[in-house]
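Participant: Prediction below, plus the sequence it came from.
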Amino acid sequence: MRAEQPEIPSGRASLRHPGDAAIEQPVEQQVVFTPPIDIFERPDGLILLADLPGVTLETLELQVQDNRLTLYGRVQTQWLEGVQTLHQEYPIGHFLRSFILNDEVDHEKITARLAHGVLEVFLPRATKAIPRKIEVKTD
């Protein structure tokens, strides 16, 4: 069982963070850490910035399914030949982070890019239907 966090106040951001629930996976794919994510709001949508040092496109998966945005991937150890690691601050292993999107997000127009260890995800606001007058005809 997992506790969901409250929805972000109305008129602000367009998503909820359901927490990072444990997922039944093979031992080698267990989630090791939850990456930190900053969320920013613009008039046209939201921007998520995730710090993912050591992640490559080959080790990152981002998907939307049933109003849930999920980031999943792995940070691999980057060994330097002939050296011994004395201290390392960023985590190594599998990570998972998911958010519940509300109807204000246009799922078809979500974009993402990975540059210099930072994943930027843009969640555009859905355009609302513009009210229009409907002409009624008679036979």
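Facilitator: The structure has been received and is ready for your questions. Numbers count the residues shown, from 1 in each chain.
Participant: switch to C-alpha atoms for all contacts and neighbour counts from now on
Facilitator: Noted.
Participant: Quick check: which ranges of the chain have low pLDDT?
Facilitator: Applying pLDDT under 70 to the chain flags residues 1-31, 78-79, 129-131.
Participant: Apply 50 and report the result again.
Facilitator: Within the chain, the stretches with pLDDT under 50 are 1-15, 17-25, 27-28, 129-130.
Participant: How much space separates residue 132 from residue 103?
Facilitator: Distance of residue 132 to residue 103, computed by C-alpha to C-alpha, to the nearest Å: 21 Å.
Participant: Between the two, which is the more surrounded one?
Facilitator: residue 103 (11 against 6; other C-alpha atoms under 10 Å).
Participant: what kind of secondary structure is the closest residue to residue 72 other than its chain neighbours in?
Facilitator: Of all residues not flanking residue 72 in the chain, residue 96 sits nearest, at 4.6 Å (C-alpha to C-alpha, 6 or more residues apart in numbering). Using DSSP: H, G, I helix; E, B strand; the rest coil, the structure places residue 96 in strand.
Participant: Surely residue 96 is in contact with residue 34?
Facilitator: Yes: taking C-alpha atoms under 8 Å as the definition, residue 96 is a contact partner of residue 34 at 5.8 Å.
Participant: Which stretches in the protein count as strands?
Facilitator: With DSSP state E as the criterion, the chain has strands at 15-16, 31-33, 37-42, 45-51, 60-65, 68-75, 93-101, 111-115, 118-124.
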